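Undergrad: Dropping the sequence and predicted coords here.
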Amino acid sequence: MNLRNTYNSGNSMPSDQLEAAIQPAAASEALGGAPVKIAARDVNVFYGEKQALFDVALDVGAQAVTALIGPSGCGKSTFLRCINRMNDTIPGCRVLGRIEIDGADVNDRGLDPVLLRARVGMVFQKPNPFPKSIFENVAYGLRIHGLANKSEVGDIVEASLKRAGLWAEVSDRLHASGSSLSGGQQQRLVIARAIAVNPEVILMDEPCSALDPIATARIEELIDELRTQYCIVIVTHSMAQAARVSQRTAFFHMGKLVEAGRTDEMFTNPRDSRTQDYITGRFG
Amino acid sequence: MLIWAALAALFLFSFAAYRLGRQRIAAMGQSARPHSRPGYHGAYVALWTAAPAAVVLFALIAFGGRIEAGLLRQDAPAAVQALSESEAQVFYDDVRVVAHGGTPSQRDYSGDLKPALAAKAAAARHIESQLLVGGLALATLLAGGGFLLAFRRLNVDFRARNRVEGWSGGLLVACSVIAVLTTVGILASLVVESWRFFAQVPPLEFLFGTDWEPQIAMRSDQVAAKGAFGAVPLFVGTFLIMLIAMLVAAPIGLFSAIYLSEYAGPRTRAWVKPLLEVLAGVPTVVYGFFAALTVGPAFRAGFNALGGMLVGGPLDGLGQYLAQVQNQMALVAGAVMGVMLIPFVSSLSDDIINSVPQSLRDGSLAMGATRSETIKNVVLPAALPGIAAALLLAVSRAIGETMIVTMAAGLQAKTTINPLDTVTTVTVQIVTLLTGDQEFDSVKTLSAFGLGLTLFVATLALNIIALRIVQKYREQYD
């Protein structure tokens, strides 16, 4: 039961919360014994009267890439945005259920979404560098959270850009505007911005859908490198991309989680007929 | 009257031409598919029927009277040639009145002038009827000829659609040419009149002189016989009031725009925004008497009371001054003008802030920034060029505003930056120079054109700067 240990290691949760924490036995089975980072149970999401997610339960492993796939409007992006509570910014959106990161519910009243988002980075569909220099874009999170003093900022920015594989291309023009970069470079800049604050989880919402194949390949390489340090959840429309970058895949359909499992198993031997239809391109 | 009837007839005829054109191409289209749809063929025939004839008729309406007068003045009898220019003008006016069967002015024409008047009246009647008949004949000819030519060109291969497209393009070009020419005309008259002004008052004296005394005495022995035209006090006054107005309008307008676009819920927005826009629709004269009757006395009462408290204390001098402050001061005009500009600034800034892509906000929020950090660090920097342009537009409105200042700031031209003093602005002086009985070519009247031109150049420069800023930075964050 090393999983139990993972749950409890170094946490400072009050005991009543501990009891409420999700029983990890099932999760451990589902993940094949790998440690669980995010555990979602009974997640229901409503946009006004319309229900977007129905009773979603999913475990996401640490130090692994989990791909969320499914046809448009199936709720995969909605689920992703539940994890860092970005749905709070959408008027009329209600999230019910529990989503725990290391056993702590993100929807807990006492939890400040601002602090949560410092731990859970996010990369969007369209590259969105801020109207600032390349350096200031990466330093943004450090500055607003007061994470580093002046001398450290430069080092962290450099390290983040190196990890995002962008340093060689921009080291001589760190003070040029972030929007002067190409689309693929901008997306890597945004990833560098996200990892600069050293998050535990990185959420990616179709990060390559606005990029050409070469830039896409670079981002996929980068995701694979980052996997060793972060828990990564990626929403993608490309089945090939899900197969290339992820270790685990979850298939959403009409707001329900149809099937989740190891990527290689799911693509070769799906359990549900809907998954099979989608993967083989019969719908979606 | 006949001409208007002719225009109506022309309209009916071109409508008939449209139907005929449609019918003809429909008949032709039985065997082969026409290049253009029947409506285009009909429109093509109708346009060639109506347009040239209409031009002739409108020219007759616009210039007929002038052509008639020109023709009438040829071969003037010796008695009329002996008249002075203004007398001749009266004579010819009477000729036209007599020609239409009216009674001439009180002036009695005797001697040679009497038969000349009768002869010229007969000639006028003749010329008028000839012009009318000639114009109508020409219009009829053009309408019929245009119809026949266009009608005969109809053919299944005829590209009527492209021709009609050309006509509509031409119409749009004509409208924009009118707009541009009008502006150029106004500008030209401004420049010419200013030129006449600067011929009498040196430009350097006008631009850098500090005395503004445009009241020229009627008799040469009066004081201020020459008048003084130094515009510096006016520009200082304009600048002072503009500055006060912007100090009020810029922060309030901008912050309310931020509240409306970033914090307010859809329900609040639904009634606050229209309310602000109603404020923008209030006529400036209403703001003017609000300033003069409500704000001015209130400010005076406040300052006087404050002064009364200070008198006798360590700030006695200031107290004495404050106790005597009057209703009319730059502060009142500036503050009310600022209130007038709030909806202008806030509605422009609101649009600009809303056009900042949501993805930028999401990116910042996802980094763990709070809403106000996001606004300060991401939204406002992205919207800054647009906001700067909006503020500059507000500045040029403040400079051009007249009514509020006329009512609330006084008329005395003073070079001062004391907001409690009365000042006057360029626009107010233009109003006072041109209202009432004026000789139209006196220096005093002409100085209005000098002021107008200077003001125009200043506002134009501001607008160009605003446009440049927007162009330079706009596309980067789209």
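TA: Structure received.

Undergrad: ok, residue 280 - how many residues close by?
TA: No chain in the question, so chain A it is. 11 (other CB atoms under 10 Å in any protein chain shown). (Glycine included, C-beta is placed from N, CA and C.)

Undergrad: other chain: chain B
TA: So B:A280, with other CB under 10 Å, has 13 neighbours.

Undergrad: That one contacts B:S346, correct?
TA: No: counting by CB atoms under 8 Å, B:A280 sits too far from B:S346 to count as a contact (9.2 Å).

Undergrad: Give me the common contacts of those two.
TA: Residues touching both B:A280 and B:S346 by CB atoms under 8 Å, 6 or more residues apart in numbering or on different chains: none at all.

Undergrad: can you tell me the helix or strand for A:E259?
TA: Element membership for A:E259 (DSSP states H and E) is strand A:256-262.

Undergrad: Skip ahead from that strand and say which helix or strand is next.
TA: Per DSSP H and E, the first helix or strand lying C-terminal to strand A:256-262 is helix A:263-268.

Undergrad: other SSEs contacting that following helix?
TA: helix A:239-245, strand A:248-253, helix A:273-279 (3 or more CB pairs under 8 Å, 6 or more residues apart in numbering or on different chains; DSSP states H and E).

Undergrad: any idea which element the residue nearest to the spatial centre of chain B lies in?
TA: Centre of chain B computed as the mean C-alpha position; nearest residue by CA atoms, centre = their mean is B:T183, 8.7 Å away. Using DSSP H and E, B:T183 sits within helix B:160-200.

Undergrad: Dump the following helix or strand past that helix to PDB, keeping only the CA atoms.
TA: Downstream of helix B:160-200, the next assigned helix or strand under DSSP H and E is helix B:203-208. Only the C-alpha atoms of helix B:203-208 are listed here, as PDB (Å, rounded to 0.1, in the frame of the first residue of the first chain):
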ATOM      1  CA  PRO B 203       1.600  86.200 -37.500                       C
ATOM      2  CA  LEU B 204       4.300  86.500 -34.800                       C
ATOM      3  CA  GLU B 205       2.300  89.100 -33.000                       C
ATOM      4  CA  PHE B 206      -0.800  86.900 -33.200                       C
ATOM      5  CA  LEU B 207       0.900  83.700 -32.000                       C
ATOM      6  CA  PHE B 208       3.100  85.200 -29.300                       C
END
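
Undergrad: Can you pull out the residues in contact with helix B:203-208?
TA: Contact partners of helix B:203-208, identified using CB under 8 Å, 6+ apart, comprise B:197-198, B:229-232, B:447, B:450, B:454.

Undergrad: One more pass at 10 Å, please.
TA: Around helix B:203-208, the neighbours that count as contacts under CB atoms under 10 Å, 6 or more residues apart in numbering or on different chains are B:194, B:197-198, B:202, B:211-212, B:228-232, B:235, B:447, B:450-451, B:454.

Undergrad: Also stretch B:183-191?
TA: Applying CB under 10 Å, 6+ apart, the contact partners of stretch B:183-191 are B:181, B:449-450, B:452-453, B:455-457, B:460.

Undergrad: Go ahead and measure how far it is from the middle of the chain.
TA: In terms of CA atoms, centre = their mean, to the nearest Å, the centre of stretch B:183-191 is set 12 Å apart from its chain centre.

Undergrad: what mean pLDDT does it have?
TA: Across stretch B:183-191, pLDDT averages out at 93.

Undergrad: cool, stretch A:44-60 as well?
TA: Here the average pLDDT along stretch A:44-60 is 92.

Undergrad: chain center to that stretch, what's the gap?
TA: Computed by CA atoms, centre = their mean, the separation of stretch A:44-60 from the middle of its chain amounts to 17 Å.

Undergrad: Also stretch B:158-173?
TA: Worked out by CA atoms, centre = their mean, stretch B:158-173 lies 31 Å from the chain centre.

Undergrad: and it, C-alpha only, in CSV?
TA: Extracted C-alpha coordinates of stretch B:158-173, given in CSV (Å, rounded to 0.1, in the frame of the first residue of the first chain):
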residue,chain,number,x,y,z
PHE,B,158,-24.3,41.7,-72.9
ARG,B,159,-22.6,42.1,-69.5
ALA,B,160,-25.2,44.3,-67.9
ARG,B,161,-24.3,43.3,-64.4
ASN,B,162,-20.7,44.6,-64.8
ARG,B,163,-22.0,47.9,-66.2
VAL,B,164,-24.5,48.4,-63.4
GLU,B,165,-21.8,47.5,-60.9
GLY,B,166,-19.7,50.3,-62.5
TRP,B,167,-22.6,52.8,-62.0
SER,B,168,-23.0,52.0,-58.3
GLY,B,169,-19.2,52.2,-57.9
GLY,B,170,-19.4,55.6,-59.6
LEU,B,171,-22.2,56.8,-57.3
LEU,B,172,-20.1,55.9,-54.2
VAL,B,173,-17.0,57.7,-55.6
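
Undergrad: Nice, that's everything, thank you.
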